[in-house]
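S.K.: A predicted structure for the sequence below; I have some questions about it.
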Amino acid sequence: MHMKIKEVEKLLQINSQTIRYYEKLGFLKPKRDENGYRNYTQEDVQILRKIHFLRDLDIPLEMIQTILLNPDQFQNILNKHLKFLQAKIENLEEVQQKCFHLNQKNIPLLDAIIDGEFQNQPAHSHDEIKSIIHKASEFIKPYPVVTLGRKTTPFQFLKEIIFIFISTTLITMSFLLYFINTHTMTHIHWGLYLLSVILLTIIFIFILFHEKYYEFGIVDFYIFDSYKMKAKSIKAVLENTTHEIARHYLYKDICNVKIHVEKKIGGIGFGPVTYYNIIYQFHMRDGNHFQINSSLYQETSQDRKSVYEILDYHHVKIIDEQNLKRFFLQKNLSIYEYLEKRCT
């Protein structure tokens with residue numbers, strides 16, 4: 001018996017995005033029907049059950065892959081995982097104890113480092129404190145999903161459609177008033193008018209619609225561009241399924257990323273406005289290349305910094321000829337403030 005991805009999702013309570021991710025990693029290879037839809041066998045479902053069970057034990061995907069390829073290695077890997085968990089528990093207990101002492105003494109962390117006063121314990125060096133904090137951070141996923149570009153929710157897009165419909169109605173209102181004033185408005189005219197408003201709304205939606213974003217997650221990232229597939233993209237936005245047609249990559253798929261900044265001057269109405277264009281040039285191992293142009297104004301958030309941190313976290317080779325790494329290592333200035341200070 002074969003199952004579609006929605007059926008597998010419902011049966012195993014695993015979302016379709018995760019199932020496709022496991023497929024990309026090579027854990028399973030479902031066959032496709034004549035329409036291109038995946039057909040999952042009972043063997044595929046059983047593999048997903050095993051992965052789901054092992055992930056509940058917090059076993060890394062690399063170890064899970066070894067277990068699936070060599071089932072007799074399960075006990076050996078389980079023993080290694082138990083040792084890892086024990087070390088993790090001990091590290092977290094150590095961090096918890098330090099935090100408890102700081103909380104009891106009710107002093108800032110900086111004072112604790114300077115004075116070495118951890119509840120009558122010996123003084124701790126800066127490197128020791130840094131090591132303790134690092135141990136804790138190793139077990140915490142530090143980065144949320146970061147999105148650059150335009151990613152519209154279904155609700156936002158519906159509001160835009162309503163706005164376009166109202167605007168189209170107002171634009172064509174003069175024709176409607178003309179027929180009403182001349183008393184020549186019939187049921188046919190009303191039907192033609194409504195049809196023309198709907199058709200014009202659809203045309204304007206296709207002309208104005210452009211969805212393009214880059215979404216960086218903890219283990220992978222997506223590139224979505226509605227160019228050349230507007231109808232499909234509009235449907236995906238309304239159904240909140242843009243990930244299904246977006247290009248999907250793992251960080252290990254990146255050969256290198258070149259980052260550089262250009263200072264720009266623009267703006268109309270309120271005079272010239274200074275902004276920076278941060279350019280990310282991605283070179284992928286499959287031979288593809290793409291570029292993100294991210295304009296940065298004074299009020300812009302720190303998402304660009306988070307992207308750099310995520311790439312660095314995954315040991316992606318970053319070509320940084322302008323030495324932007326200095327900014328990403330400091331915590332005091334926003335990226336706009338840092339660039340302004342550096343350029344003055």
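M.R.: All right, it came through fine. Numbering: from 1, shown residues only.

S.K.: how near is Glu244 to Asn15?
M.R.: Using CB to CB, to the nearest Å, Glu244 is found at 11 Å from Asn15. To be clear about C-beta, it is placed using only N, CA and C from the backbone, and glycine gets the same treatment.

S.K.: and if you look at His289?
M.R.: For His289 relative to Asn15 (CB to CB), the value is 30 Å.

S.K.: Between Glu244 and Asn15, tell me which one has more neighbours.
M.R.: With neighbours defined as other CB atoms under 10 Å, Glu244 and Asn15 compare such that Glu244 has more, 14 against 11.

S.K.: so is Ile51 in a helix, a strand, or just coil?
M.R.: At Ile51, secondary structure determined by DSSP: H, G, I helix; E, B strand; the rest coil is helix.

S.K.: What pLDDT is listed against it?
M.R.: Here the pLDDT value assigned to Ile51 is 91.

S.K.: wait, it sits on Tyr22?
M.R.: Yes - judged on CB atoms under 8 Å, Ile51 makes contact with Tyr22 at a distance of 6.1 Å.

S.K.: So which of those two has more stuff around it?
M.R.: Per other CB under 10 Å, whichever of Ile51 and Tyr22 has more neighbours is Ile51, with 24 against 19.

S.K.: In the stretch 51-200 of the chain, what residue spans correspond to strands?
M.R.: With strands called from DSSP state E, counting those that start in this stretch, the stretch 51-200 of the chain shows them at 146-150.

S.K.: which helices and strands sit right next to the longest helix seen in the chain?
M.R.: The longest helix of the chain (DSSP state H) is helix 74-105. Judged by 3 or more CB pairs under 8 Å, 6 or more residues apart in numbering; DSSP states H and E, helix 74-105 is in contact with helix 61-69, helix 109-115, helix 126-137.

S.K.: pretty sure Leu11 is in contact with Val45, am I right?
M.R.: Yes - Leu11 lies in contact with Val45 (CB under 8 Å); the separation is 7.0 Å.

S.K.: Common neighbours of these two, please.
M.R.: Met3 (CB atoms under 8 Å, 6 or more residues apart in numbering).

S.K.: Give me the more crowded residue out of those two.
M.R.: When Leu11 is set against Val45 and neighbours are counted by other CB under 10 Å, the residue ahead is Val45, at 18 against 13.

S.K.: Confirm that one sits in a helix?
M.R.: Yes - counting by three-state DSSP, Val45 is located in a helix.

S.K.: Which residue is the nearest non-sequential neighbour of it?
M.R.: In space, and not counting its chain neighbours, Val45 is closest to Val8: 6.2 Å by CB to CB, 6 or more residues apart in numbering.

S.K.: in which helix or strand would I find that neighbour?
M.R.: If you go by DSSP states H and E, Val8 is part of helix 5-12.

S.K.: For the helix or strand following that helix, which outside residues touch it?
M.R.: Scanning forward in sequence from helix 5-12 by DSSP H and E, the next helix or strand is helix 16-24. Residues from elsewhere that reach helix 16-24, judged by CB under 8 Å, 6+ apart: 5-6, 8-9, 28-30, 38, 48, 51, 219-220, 243-244, 248, 250.
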